[in-house]
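[1] Sequence first, then the predicted structure:
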Amino acid sequence: MTLVTLFTDFGAGFYVAQMKGVILSLAPDAVIVDATHEISPGDVLEAAYVVENVVPAFPEESIHVVVVDPGVGTSRKSIVARFARRILVAPDNGVLTAFLPHADEVRELTNEALYLPEVSATFHGRDVFAPVAAQLALGVELEVVGPEFAGPPVSLPELYAAGDEGRVLFVDHFGNLVTNFSAELLSARPSAVVTGPGHRIATRARTFGEAPAGTPFLYAGSGGRLEIALCGGSAAEQLAWTRGTRLELAEGAE
Amino acid sequence: MTLVTLFTDFGAGFYVAQMKGVILSLAPDAVIVDATHEISPGDVLEAAYVVENVVPAFPEESIHVVVVDPGVGTSRKSIVARFARRILVAPDNGVLTAFLPHADEVRELTNEALYLPEVSATFHGRDVFAPVAAQLALGVELEVVGPEFAGPPVSLPELYAAGDEGRVLFVDHFGNLVTNFSAELLSARPSAVVTGPGHRIATRARTFGEAPAGTPFLYAGSGGRLEIALCGGSAAEQLAWTRGTRLELAEGAE
Amino acid sequence: MTLVTLFTDFGAGFYVAQMKGVILSLAPDAVIVDATHEISPGDVLEAAYVVENVVPAFPEESIHVVVVDPGVGTSRKSIVARFARRILVAPDNGVLTAFLPHADEVRELTNEALYLPEVSATFHGRDVFAPVAAQLALGVELEVVGPEFAGPPVSLPELYAAGDEGRVLFVDHFGNLVTNFSAELLSARPSAVVTGPGHRIATRARTFGEAPAGTPFLYAGSGGRLEIALCGGSAAEQLAWTRGTRLELAEGAE
C-alpha cells in the first residue's frame, strides 16, 4: 500500500476520476487521497502554498502529484523529486518552490515508457503524471524516470514576503486571508501592523474566541503564516482584499 | 482496517487533507470517508442534522469525527462517546444532539498525550481530533481519552420541532427543504398543512414523479423528516425559504 | 477488494456518504471512488457523457453506479449490465447510452432481496443501487439481480452529433466547451468551422500553449470530442454558449 495524493485545479468535474482510474489500473493497492482540487485555475503560487502545507502532514514514502499546469503542451519540463523521504511529481513551474531547494534528488521526467501509450496534448495529468505516480507507487526507482534535472527549477520567490513587502497568498473557505509573512513576526515585532488597500490591521488575537467581534485581527495561522481573520465573518469580504493583494508590514506607533 | 468519517465545514480547501495526512500517518490502515465538508460555516444545528443521518448508515466499529467548531480556542470542551457500537468525536457544542442521550459512554477529551506534539490555537481538527481518531482506530480504549463527562453536554432542542412550531433544518443540493418535523406527521395528520413566510403548502406526494409540476409539495424525506420539494425546480428558491426559516404545522380545513 | 465508482448529481451534501456507508456496511473491502457528484441536476445527457469518459479509465472487474435519476419513484426501470468486463448499475434513462449497445449482458434490476429492508420513495441511490453494488462487489452473479432486460433500453442519440448538426454536451471547470462532434472531424475536414449563436470558430490549435490569446479555438479534446477553449480564459463565458447550445459544422471557405 502506498499513499498517493493529488493536487489539481480541476474543480469538481470528472478529470480527477480519470486520473484515479489510471492510477488504480496500474497500482491497485495505491491509496489515493485528494489533497485539493480547488486551486484557482492555473495559479501556481497558490498551489505552491497548498503543497507546502499538505505534504508534511503525510507520512514518509507517500507520493504527491501536483497538476496545476497552465503550460501543458508547451516546452515546460516535468520534475520528479525526493524530499524528506517523500516523492513529488509536478510540472517545473514553481509549485514545488517550498521543497526543491532542500530535495535529496531532482530528476527530469522524460521516460515515455512510463506514460500511457497515447498521450493527449492537453491532459498530462491523466496521461503522464498519473501513470508515473502509479509506477513509483509500485516501486519503480526514481532514476528510471529520467536524468538528473539540469539547471535550476522554476522558483516562486513571492511564496515568502521580501522584508516588509508582502501579499495575500490564499483566501480560505471562511474568508481568512493567509499572507506570505511568517507568523513568527508576531512575536518578533510585537507592535507591527499590516496595511493594505484602504485598511490597517493592528488588532491581534490568539484564537477566534478571543477576538473582538467585527474587527479584523492578526494571528498565527496553523500553517505558520501570519493570517488575517474576522470573528463571525469573512475578513476577505470586509476588507475587500483577495489573492494577490499587496500588503505592507509596518511599525504601529504613530 | 477501521472506518473513520469526517464531518466538517471546511469546504473544498486543503484543511481536510491535512487531517487525513495526520490520521494516515498514525493509523495507515484506516479507511477515511468524507461524510461532508459543506456544513454551513459554524452551523452546529445543520451539523447535528447531518450527523444524525449519516452515522447510522455506517457499520459498527466505525469512528465519526465532527469538526464544526466555532468555539475552537475557547473553553468549550470536547467529547468522545460510544453510541450503538460506534465512536463519536466532537466538540461539546450540540452537534451530537441526536445520539448523546442514548450513548453508552461519554467522556471528556482531555488526554493531551493523544494530541499532536504542537497544538495550534485555531485548528484542533488537525492537531487534536485527527490524532485522537487515529489512535481510537488503532484500538486505544475509550477510557484513555479522559474522564467521564461531567454535567450534561450541550444539546440543540431545535433539532426537533416543538409541537406545531418548526423550522427549516437543511436545504439540499436540489433545493429541497428539510424541516425539523417528523415525517410521521404526514400519516398521523392527513389534513395538515405547513405554513411559512408568504406560503402555505397543502399538496402532498409520495415521489417526485407523482407531484404536480410547479407546485411545492410535502413528502416523507429519506431521513425521516417532513420535507418540501418542487418537481423540476428548487423549492427553496420558489418559496424563498432557507435554513432557519420558521414554519408552522396547522390543520388544513378552512 | 473491488472498485466501486459513483456518478451522481448529489453535489457536496451528505447523500453520497449515506451511499458509501451502505456499501461499506455490506462490502467492507470495497474501494469506493467518486467519479463525479456534480452532474447538473437530472441531466441524463451530461451524465452519459461523463460515464463514457470515466468508465474506460478504470480496470476490469470494476463496478460503476450511476445515480442521476430524475424519474426516481416512477415506473422507470433499472439496469445492471456487463460491458468490457466491467459492471454498470443505473436507471434505464439513457445514462449508459455509450455502452449498452456493446454490452455482453443487460439485466433488469428487480430482485428486491438485494435492496435495503426499507426502500424510501425518493432515494434509490442509498436504498437500491448502493446495496446492489455492494453485493455485486461481494461476488453475487449478474443473473441474480433480475431477468434479461426486455425491449431496448432508453438511448440518447444526441450524445453524438447527427452529421453537421451538433451541440454542447458539457462545460468543464475551465469553461472549455465539449461538443458532441468527434475530434476526428478535425483531421477529416481540415477547413471546417463551428458556428453557433453569434459566433463562428475557425481557429485551431493542438494545445493551449499554441493558441493565440483571446481567440476561441477548436482542438481535439482528451475525451475524443471536438472541444472549444480560450487560452487564459473561459470560452463558455466569452461566447455565451452553454450546455445544450446548438452548433453547426460547416466548411470554412467563404
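    Yep, it's here.

[2] Count the neighbours of the residue in chain A that chain C sits nearest to for me.
    Nearest residue of chain A to chain C (CB to the nearest CB) works out as A:Gly73 at 2.6 Å. Where you see a C-beta, it was placed from the backbone N, CA and C, and this is true even at glycine. Residues lying near A:Gly73 (other CB atoms under 10 Å in any protein chain shown) number 19.

[3] measure it to A:Leu226 for me?
    Note on A:Gly73: its distance to A:Leu226, by CB to CB, to the nearest Å, is 37 Å.

[4] Could you verify that A:Pro28 is part of a strand?
    No: counting by DSSP: H, G, I helix; E, B strand; the rest coil, A:Pro28 is not part of a strand but coil.

[5] What pLDDT does the model give it?
    The per-residue pLDDT reported for A:Pro28 equals 97.

[6] so it touches C:Met1, yeah?
    Yes: if you go by CB atoms under 8 Å, A:Pro28 and C:Met1 touch, sitting 7.1 Å apart.

[7] If A:Phe217 is in a bridge, with which residues?
    In this entry, A:Phe217 is beta-bridged to A:Ala229, by DSSP bridges.

[8] And A:Val106, by the same measure?
    Beta-bridge pairing for A:Val106 (DSSP bridges): A:Ala81.

[9] That one is in contact with A:Ile79, isn't it?
    Yes: using CB under 8 Å, A:Val106 is in contact with A:Ile79, at 6.2 Å.

[10] shared neighbours, the two?
    Common neighbours of A:Val106 and A:Ile79, using CB atoms under 8 Å, 6 or more residues apart in numbering or on different chains, are A:100, A:149, A:153.

[11] Which members of the residues you listed are classed as buried?
    Buried by 16 or more other CB atoms under 10 Å in any protein chain shown: A:100, A:149, A:153, out of those.

[12] dump the residue contacts of the residue of chain A closest to chain C.
    The contact partners of A:Gly73, by CB under 8 Å, 6+ apart, come to A:121-122, A:124, C:206-210.

[13] Using TSV, lay out the shared contacts of A:Val106 and A:Ile79 together with pLDDT.
    Shown next, in TSV, are the shared contacts of A:Val106 and A:Ile79 (pLDDT from 0 to 100):
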residue	pLDDT
A:Leu100	95
A:Phe149	96
A:Pro153	95
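
[14] hmm, back to that, which of the contacts of A:Gly73 are buried, as a ChimeraX select command?
    To isolate the buried members of these in ChimeraX, using 16+ other CB under 10 Å:
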select /A:121,122,124 /C:207,208,209
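
[15] Count the residues that sit near A:Val54.
    23.

[16] and A:Pro28 and C:Met1? which has more neighbours close in?
    Between A:Pro28 and C:Met1, A:Pro28 has the larger neighbour count (other CB under 10 Å), namely 15 against 10.

[17] And whatever residue of chain A ends up closest to chain B, how far from B:Leu3?
    For chain A and chain B, the shortest gap (CB to the nearest CB) falls at A:Thr207, measuring 2.5 Å. Using CB to CB, A:Thr207 is found at 31 Å from B:Leu3.

[18] same question, A:Ala133
    25 Å.

[19] Looking at these two, which is more packed in?
    Between A:Ala133 and B:Leu3, counting by other CB under 10 Å, A:Ala133 is the more crowded of the two (29 against 22).

[20] Give me the spatial nearest neighbour of that one, chain neighbours excluded.
    A:Val65 (4.8 Å; CB to CB, 6 or more residues apart in numbering or on different chains).

[21] My guess is the one you found contacts A:Phe7. True?
    Yes: with contact taken as CB under 8 Å, A:Val65 and A:Phe7 are classed as touching, separated by 6.9 Å.

[22] got the residues of chain A near chain B?
    For chain A, the residues in contact with chain B (CB under 8 Å from any CB of the partner chain) are A:1, A:3, A:5, A:12, A:31, A:33-38, A:50, A:53-54, A:56-59, A:172-174, A:206-210, A:219-222, A:232.

[23] Sort out for me which of these are in strands.
    A:3, A:5, A:31, A:33-36, A:219-220 (DSSP state E).

[24] mind listing what A:Val178 touches?
    Counted by CB under 8 Å, 6+ apart, A:Val178 has contacts A:49, A:168-172, A:221, A:223, A:225, A:227.

[25] Who wins on neighbours among the residues you listed?
    Within these, A:Leu169 tops the neighbour count with 27 neighbours, counted by other CB under 10 Å.

[26] any idea which element it lies in?
    Per DSSP states H and E: A:Leu169 is located in strand A:165-171.

[27] what does that strand rub up against?
    Around strand A:165-171, the neighbours that count as contacts under CB under 8 Å, 6+ apart are A:45-46, A:49-50, A:158-159, A:161, A:177-181, A:194, A:196, A:225, A:236, A:241-249.
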